[in-house]
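Colleague: sequence and computational prediction follow.
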Amino acid sequence: MIKTRHTRMIGETVFQHLWFCIRISFMMIASSIFLMLHGFSGCLIPMPKRLSIKSVKNYLGRDSKGVDQKYKSFKVSIDKKTGQFLYTPRNLKEWEDNKC
């Protein structure tokens, strides 16, 4: 089972996270294409309900519900030199026990 720091934080393997990203990407690409066709056609081409902006927003919200809860176990700060987000486990012992 391959894991990185990011995938450990969200409780997924690299392949589970890859599959999640592929699904989201294809849905957003399809939605973007239909949205452009809808706009260029003067609204003659109707938007499929499944690819509407509202549906994509709901889909993204549904898939990310568990992620917010997982991030609550980390303290977030910003590195002043690099501007990168730093995620520090709130319970270091638990973090060490779950490391791969």
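Modeller: Good, I have the coordinates. Computed from a prediction, not measured in an experiment: that's the story for all the values here.
Colleague: CA atoms for contacts and neighbours, from now on please.
Modeller: OK.
Colleague: so which residues of this protein form helices?
Modeller: Under the criterion DSSP state H, the chain contains helices at 5-10, 14-40, 53-63, 65-71, 92-98.
Colleague: output the below-cut-off pLDDT ranges for the protein.
Modeller: For the chain, the stretches flagged by pLDDT under 70 are 1, 62-76, 85, 87-100.
Colleague: quick check: residue 77 vs residue 5, distance?
Modeller: Per C-alpha to C-alpha, to the nearest Å, residue 77 is found 16 Å from residue 5.
Colleague: sorry, slip of the keys, the one I care about is residue 40.
Modeller: 43 Å.
Colleague: ok, now residue 42?
Modeller: Where residue 5 is concerned, residue 42 sits at a distance of 47 Å (C-alpha to C-alpha).
Colleague: and residue 44, backbone torsions?
Modeller: Main-chain dihedrals, residue 44, degrees, to the nearest 10: phi -80, psi -30.
Colleague: ugh, typo on my part, it should be residue 45
Modeller: With angles defined as degrees, to the nearest 10, residue 45 sits at phi -90, psi 110.
Colleague: for it, give me its contacts.
Modeller: Residues in contact with residue 45 (C-alpha atoms under 8 Å, 6 or more residues apart in numbering) are 37, 38.
Colleague: rerun that using 6 Å as the cut-off
Modeller: By C-alpha atoms under 6 Å, 6 or more residues apart in numbering, residue 45 lies in contact with residue 38.
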